[in-house]
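**Student:** no sequence for this one, just the structure:
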């Protein structure tokens, strides 16, 4: 009887050890994800603060963002956090052939500057670039109302909404658990968007964050910097070549029909992204007109049913649109 049960304990241990080990690795990965996201949130906030006080200058946003990321690269080794961060960014760029991270300036847009550019501003005269007047917005709004144009013809925005800086960050998270990077390479698309290419070529998991803050200086239509870190709104990301959209679902595994008839998890048009709600919705007050971020012309876009702004989205396993 005893000889017939020889090895049974080892088989039982093997059956239990594998799922327990995977669950432990998963907990470590999730904990690290939230740690990195916290650093990224703070860094994006610092970048946005530099933008709203510095005329939305891309170089100021980039510098403040990377400076705030340095604690993520602190280590007991002899290398400085800055050198470790630069080495990591160089490795990411070499793996993906693109920028190590990307911030899209969603607002003010070209249409915003077309509607509200004020050539009388000193910074507009000094730089020769279009700038929007950030002063006396209530008075400006009343003047536009008297002229019969409460919203801009090109952007559909009020002067309040045109003076809101909206940033969308795509940060590339490097998984720790073995095998996850290989899976992400299979889910990515080498010919797709920035995030999809990072998945396919480097095995990175894109972390998408958005933040909006009311401008505290005159926004200027600066040319985008070199290197692909700071870019204007990527219109291609608004299309859905593989059938999953971001307007109504941002849950953990939001399965939406694809163009080929299948389903694919994701929170962006062509890739799976871990659920992340926007960081905040702080904007300039609007006592006379529509609140920034609340109208149909909001840069984040209108939503119906369950949207990424819904607190329940990302907490439940799947956000199903109404």
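**Tutor:** It's in. All values reported here derive from a predicted model rather than from experimental measurement. Numbers count the residues shown, from 1 in each chain.

**Student:** For the stretch 151-300 of the chain, give me the ranges with low pLDDT.
**Tutor:** Applying pLDDT under 70 to the stretch 151-300 of the chain flags the ranges 225, 235-300.

**Student:** mind redoing it with 50?
**Tutor:** Scanning the stretch 151-300 of the chain for pLDDT under 50 picks out 236-300.

**Student:** Tell me where it has strands.
**Tutor:** For the stretch 151-300 of the chain, the strands defined by DSSP state E, counting those that start in this stretch cover 164-173, 205-214, 230-232, 255-257, 263-265.

**Student:** Out of those strands, which is closest to residue 63?
**Tutor:** When those are compared by C-beta to C-beta, strand 230-232 sits nearest residue 63, at 10.4 Å. (C-beta placed from N, C-alpha, C; glycine too.)

**Student:** Pull out the buried positions in the closest one.
**Tutor:** Residues of strand 230-232 classed as buried: 230-231 (neighbour count, 16 or more other C-beta atoms under 10 Å).

**Student:** could you pull out the helices for the stretch 51-200 of the chain?
**Tutor:** Assigned by DSSP state H, counting those that start in this stretch, the stretch 51-200 of the chain shows helices spanning 58-69, 81-96, 110-116, 122-127, 137-146, 159-162, 180-187, 194-202.

**Student:** Adding mean neighbour count as columns, could you present those helices in TSV?
**Tutor:** Below are the helices of the stretch 51-200 of the chain laid out as TSV (neighbours: other C-beta atoms under 10 Å):
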stretch	mean neighbour count
helix 58-69	20
helix 81-96	15
helix 110-116	20
helix 122-127	13
helix 137-146	16
helix 159-162	28
helix 180-187	15
helix 194-202	23
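
**Student:** Quick one: those helices as a markdown table, columns for distance to residue 223 too.
**Tutor:** As requested, those are exported to a markdown table (distance: least, C-beta to C-beta, whole Å):
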| stretch | distance to residue 223 |
| --- | --- |
| helix 58-69 | 8 |
| helix 81-96 | 21 |
| helix 110-116 | 12 |
| helix 122-127 | 10 |
| helix 137-146 | 26 |
| helix 159-162 | 19 |
| helix 180-187 | 33 |
| helix 194-202 | 19 |
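
**Student:** Nearest to residue 30, out of those helices?
**Tutor:** Comparing the helices of the stretch 51-200 of the chain by their distance to residue 30 (C-beta to C-beta), the top pick is helix 180-187, with 11.6 Å.

**Student:** can I get the strands of the stretch 151-300 of the chain in CSV with distance to residue 102?
**Tutor:** As requested, these are exported to CSV (distance: least, C-beta to C-beta, whole Å):
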stretch, distance to residue 102
strand 164-173, 5
strand 205-214, 9
strand 230-232, 6
strand 255-257, 24
strand 263-265, 21
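
**Student:** Of these, give the one that comes closest to residue 13.
**Tutor:** strand 205-214 (32.1 Å).

**Student:** if we can go back for a sec, nearest to residue 70 among the strands of the stretch 151-300 of the chain would be which one?
**Tutor:** Of all these, it is strand 164-173 that lies closest to residue 70, at 14.7 Å by C-beta to C-beta.

**Student:** In what element of secondary structure is residue 17 found?
**Tutor:** helix 8-53 (DSSP states H and E).

**Student:** which helices and strands does that helix pack with?
**Tutor:** helix 58-69, strand 164-173, strand 205-214 (3 or more C-beta pairs under 8 Å, 6 or more residues apart in numbering; DSSP states H and E).

**Student:** Mind putting the ones you listed into CSV with distance to residue 129?
**Tutor:** Conversion of the helices and strands packed on helix 8-53 to CSV gives the following (distance: least, C-beta to C-beta, whole Å):
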stretch, distance to residue 129
helix 58-69, 12
strand 164-173, 16
strand 205-214, 21
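
**Student:** right, and those - which one's nearest residue 45?
**Tutor:** Between residue 45 and these, the tightest spacing by C-beta to C-beta is seen for strand 205-214, at 6.4 Å.
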